[in-house]
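Q: what's the 3D shape of this:
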Amino acid sequence: MAKKKQQETRSSEEKIKEAARKVFMEKGYAATRTRDIAEAAGINLALLNYYFRSKEKLFELIMQEKLSSFFGLILPVLEDPDSSLDDKIHTIADRYISMLANNPDLPLFVLNAMRNAPKKFAAMLKGADHLLHSVFARQLKEKNPVIAPEQLFINMMSLCIFPFAMRPGLEVISPEIGVQFSVLMEDRKQLVPKWMRAMLKVK
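A: Numbers count the residues shown, from 1 in each chain. I've put the predicted structure just below:
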C-alpha cells in the first residue's frame, strides 16, 4: 500500500513538473501563474500547492534539473588531468549533441529562463565560473595562448547548441534540415572537433 502511494506521488509530481516546463517555456516565469500550471497538469490548485508550495519552488526545482543536465555531463571531462585536449573536445561534442538530441527543449528552456528570470538563473549558476579555470581551459590556453580560453569555450558550446536552439527557424529556411536533422547532428559530432582544431591553429 505504501509503495503504491509512493508511485502515485512520483507520478503526480512528474505530471506537474512536465506541465510546468511547458507553461514556463510558453509564458516565461513572470507571466506564469500556479493556476496555469495546475490547469495544464489537469489537477486542482490545492494539489499543486500540496506538492510544490509555490511557483518559485517549482521553477527552481525544474531549473536545477535542467542545469544538472546541461553542465553535469562535461564537468568530469573538463577536470580530467589524464585526457588530452583533443580527447576532451571529442567527448564534449559527442555527449552534448547526444544529450540535446534527447532533450530538444533544453536550450530554449535555459534561454527562456535567462531572459525572464535572470537573477534567479544567475543564483543557480554560482560556482560555474570554475569552468574557465579547469584543466580543459588550461589546455586550451597552452594550445593557443593568443585566443582567450573563454572565446574557444563559447565557440564550442555554440557549435553544439545552436542547431537545437534554432531548429524551428532552420526548418523554415530549409525543410530538408528537418528531414535530415538527426543525421546532420551525428555528423556534427565529428565536425565540431575538426572545427575546434582549426580554430586552435589560428595565430
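Q: so who does Leu184 touch?
A: 163, 177 (CB atoms under 8 Å, 6 or more residues apart in numbering). Placement of C-beta: from N, CA and C, glycine included.
Q: what strand or helix carries it?
A: Here Leu184 sits within helix 175-201, counting by DSSP states H and E.
Q: same question for Lys17.
A: Using DSSP H and E, Lys17 maps to helix 2-31.
Q: by contact count, what packs against that helix?
A: Helices and strands touching helix 2-31, by 3 or more CB pairs under 8 Å, 6 or more residues apart in numbering; DSSP states H and E, are helix 34-41, helix 45-52, helix 55-72, helix 106-116.
Q: got the CA positions of stretch 81-100 in PDB?
A: Presented in PDB, the C-alpha positions along stretch 81-100 are these (Å, rounded to 0.1, in the frame of the first residue of the first chain):
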ATOM      1  CA  PRO A  81      44.000  15.600 -15.900                       C
ATOM      2  CA  ASP A  82      44.700  12.400 -17.800                       C
ATOM      3  CA  SER A  83      42.900  13.000 -21.100                       C
ATOM      4  CA  SER A  84      44.300  15.200 -23.900                       C
ATOM      5  CA  LEU A  85      42.700  18.400 -25.100                       C
ATOM      6  CA  ASP A  86      41.600  16.600 -28.300                       C
ATOM      7  CA  ASP A  87      40.000  13.800 -26.400                       C
ATOM      8  CA  LYS A  88      38.100  16.300 -24.200                       C
ATOM      9  CA  ILE A  89      36.800  18.100 -27.300                       C
ATOM     10  CA  HIS A  90      35.600  14.900 -28.900                       C
ATOM     11  CA  THR A  91      33.900  13.700 -25.700                       C
ATOM     12  CA  ILE A  92      32.200  17.000 -25.000                       C
ATOM     13  CA  ALA A  93      30.900  17.300 -28.600                       C
ATOM     14  CA  ASP A  94      29.600  13.700 -28.500                       C
ATOM     15  CA  ARG A  95      27.900  13.900 -25.100                       C
ATOM     16  CA  TYR A  96      26.400  17.300 -25.600                       C
ATOM     17  CA  ILE A  97      24.900  16.600 -29.000                       C
ATOM     18  CA  SER A  98      23.500  13.300 -27.800                       C
ATOM     19  CA  MET A  99      22.100  14.900 -24.700                       C
ATOM     20  CA  LEU A 100      20.500  17.700 -26.700                       C
END
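Q: list the buried residues in it.
A: Of the residues in stretch 81-100, those with enough neighbours to count as buried (16 or more other CB atoms under 10 Å) are 83, 85, 88-97, 99-100.
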